[in-house]
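Colleague: just the structure for this:
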Amino acid sequence: MITQQPAMKMTTPIPQSIMTPNQVDTSIGSLKFFDGVPDKATVNSLYDYMDTARAVQAYVSTVPGVSQYAMRQGQRDIGATKVSQILIWDKLADSANFFLTANTSTIYTWTYTDLAKDGPTVIELPKGMLGAIDDIWFRYVSDLGIAGPDKGEGGKYLILPPGYKGDVPDGYFVVKPETFGNWIFLRAYISDGVEKATQGVKDNLKIYPLSMADNPPKMDFFNMTGREGYNAVLPNDYNYWEMLNQLVQEEPIGAHDPETRGLLAALGIVKGKPFAPDARMKNILIDAVAIGNGYARANTVFPRDPGARIYGPESEWVMGFADKDTTFLKDGARRYDSRLWMHYNAVVVTPAMAVTKPGKGSDYGIAGMAKGAQVLDGSKTYKLHLPPNVPVKDFWSVVVYDPQTRALLQTDQQFPALDSYKKDLVKNAYGSYDIYFAPKAPKGHEGNWLQTVPGKSWFIILRMYGPLEPWLNKTWRPSELELVK
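Modeller: Numbering: from 1, shown residues only. Predicted structure coming up:
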């Protein structure tokens, strides 16, 4: 009911569309007003709802930064706090530690800059590596190596702090990020063997402050294969907000746009101020991260951006960058769901990971459901068929992951993966492959088997390094994950 205004000397008809009834029934309950003025209970309901809505949107908007910060915090937690302290999966990534969707077929190595403390920072890059620099909000800054300006020939890079006004020496590829913290991520190929690739990195990669160029420190490599205690996965409880606040405090105020800063300020996260939510707001933040985490998981298996579906809505194969868009923009609009999918499940943002030119970079297919949108059950047997002539210049791999952690699935297999480097992988008569996923190896298919865990689900990534035209134009296509009866 709308209160009727008594007829006055200046009364004119008021459009009903601009009036507010004394009671409005909504999804958050009945809102009550006296002539448009909300009562106290309605004010409280609306404030609770708006704070929750803002917090959920803040979660969706900041997952990239918190994921990146969680990786750096994981590095700090094991004592690697300097840019010259470099993590290296010296015998390939295995399931002993936790970071998002690791690849088991290249040597991973990385570290983080601290430009606020170190100032301009140098990378002496060996030949033949592939990598990128992403800032602490997980925004693309530069490629390194094969896809970078050195074109795989190696060279010296110089990373400058935000707002740097000093001299820039000659002889460097200059990089200008917007944040003090930046992830230097590199891969070394293992075509000549794992040991040789690892030693090549250790002998030749150098990262140090420019101020130490005349006497660079000795690189301190942390061997990570089999190392327990390293967790680089973003939290999905109240710790999420604590980590986000710490990120805001450590970075320059101009590292993010005013809208996002305002959104966080409404939640009490403001640079230079303590983050101390009262009991009401803390409960809202706990609720919001639970909703946001649930939404991220729904968006993972049923991605909302139609561009994420590689073969259309009837297929379960999705890509990490919808429409191969590594900027997460479409017609100038932010693709929130695509960006959330990528950063909730994976790491590294670079155009080289969503290539459209044959033989360059890498490309990926992800399957988290069986054919017909059926949840993958670790107690059952499934098959993936790869048709003949897998179209890659370099190599391909299939890796199994845990949907809880999005890290490598922990089984009896140290490396839950199969790839084209594997010499005992069995081909079918016409050159195709059948890969089996089950708790125990199907008889006769032991060499083409990846173990799953009863009581758990799982998902896979099919990686294509140097993908060729049949993959890019989709004339070559993997099967759906099929349940073996």
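Colleague: only C-alpha atoms from now on, for both contacts and neighbour counts.
Modeller: Noted.
Colleague: and the contacts of stretch 199-208?
Modeller: When contacts are defined by C-alpha atoms under 8 Å, 6 or more residues apart in numbering, stretch 199-208 is touched by residues 83-84, 121-126, 188, 216-217, 219, 221.
Colleague: quick one: mean pLDDT over it.
Modeller: The average pLDDT within stretch 199-208 is 97.
Colleague: looking at this, L46 is in a helix?
Modeller: Yes. Applying DSSP: H, G, I helix; E, B strand; the rest coil, one finds L46 inside a helix.
Colleague: of the contacts of stretch 199-208, buried ones?
Modeller: Among the contacts of stretch 199-208, those classed as buried by 16 or more other C-alpha atoms under 10 Å are V83, S84, T121, V122, I123, E124, L125, P126, A188, M219, F221.
Colleague: which one of those residues sits closest to D402?
Modeller: A188 (24.9 Å; C-alpha to C-alpha).
Colleague: turn the contacts of stretch 199-208 into a markdown table, columns for distance to G154.
Modeller: What follows is the contacts of stretch 199-208, written out as a markdown table (distance: C-alpha to C-alpha, whole Å):
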| residue | distance to G154 |
| --- | --- |
| V83 | 19 |
| S84 | 18 |
| T121 | 16 |
| V122 | 13 |
| I123 | 10 |
| E124 | 8 |
| L125 | 5 |
| P126 | 5 |
| A188 | 12 |
| P216 | 18 |
| P217 | 20 |
| M219 | 18 |
| F221 | 20 |
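Colleague: that older thread, pick out the most distant pair among the buried ones among the contacts of stretch 199-208.
Modeller: So, these by C-alpha to C-alpha: farthest apart are T121 and A188, at 21.5 Å.
Colleague: buried stuff in stretch 435-448?
Modeller: Those buried within stretch 435-448 under the rule 16+ other C-alpha under 10 Å are I435, Y436, F437, A438, P439, K440, A441, G447, N448.
Colleague: and what of stretch 402-419?
Modeller: Of the residues in stretch 402-419, those buried (16+ other C-alpha under 10 Å) are 402-403, 405-410, 414-419.
Colleague: tell me which of these fall in helices.
Modeller: Among those, DSSP state H puts none in helices.
Colleague: quick check: neighbours of the helix or strand where D363 lies in the sheet, parallel or antiparallel?
Modeller: Taking DSSP states H and E as the criterion, the element that holds D363 is strand 362-367. Using DSSP bridges, the strands paired with strand 362-367 are strand 317-318 (antiparallel), strand 459-467 (antiparallel).
Colleague: could the buried ones among the contacts of stretch 199-208 go into a markdown table alongside secondary structure and pLDDT?
Modeller: What follows is those, written out as a markdown table (DSSP: H, G, I helix; E, B strand; the rest coil; pLDDT from 0 to 100):
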| residue | secondary structure | pLDDT |
| --- | --- | --- |
| V83 | coil | 97 |
| S84 | coil | 98 |
| T121 | strand | 98 |
| V122 | strand | 98 |
| I123 | strand | 98 |
| E124 | strand | 97 |
| L125 | strand | 97 |
| P126 | coil | 95 |
| A188 | strand | 92 |
| M219 | coil | 97 |
| F221 | strand | 98 |
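Colleague: just the residues you listed now: which is nearest L384?
Modeller: Out of the buried ones among the contacts of stretch 199-208, the member with the shortest distance to L384 (by C-alpha to C-alpha) is A188, at 27.7 Å.
Colleague: about what we covered before: to S362, which of the strands paired with strand 362-367 lies closest?
Modeller: strand 459-467 (4.4 Å).
Colleague: avg pLDDT for that closest one?
Modeller: Mean predicted lDDT for strand 459-467 stands at 95.
Colleague: which helix or strand lies directly C-terminal to it?
Modeller: Downstream of strand 459-467 (by DSSP H and E), the next one is helix 469-472.
Colleague: put the alpha carbons of that following helix into PDB.
Modeller: Output in PDB follows, covering the C-alpha atoms of helix 469-472 (Å, rounded to 0.1, in the frame of the first residue of the first chain):
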ATOM      1  CA  GLU A 469      46.800 -25.900 -37.100                       C
ATOM      2  CA  PRO A 470      44.500 -29.000 -36.500                       C
ATOM      3  CA  TRP A 471      44.300 -28.200 -32.800                       C
ATOM      4  CA  LEU A 472      43.800 -24.500 -33.400                       C
END
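Colleague: given the helix or strand following that helix, what are its sheet partners and their directions?
Modeller: Remark: after helix 469-472, the chain's next helix or strand is strand 482-483, criterion DSSP H and E. Here strand 482-483 has these sheet partners by DSSP bridges: strand 382-386 (antiparallel).
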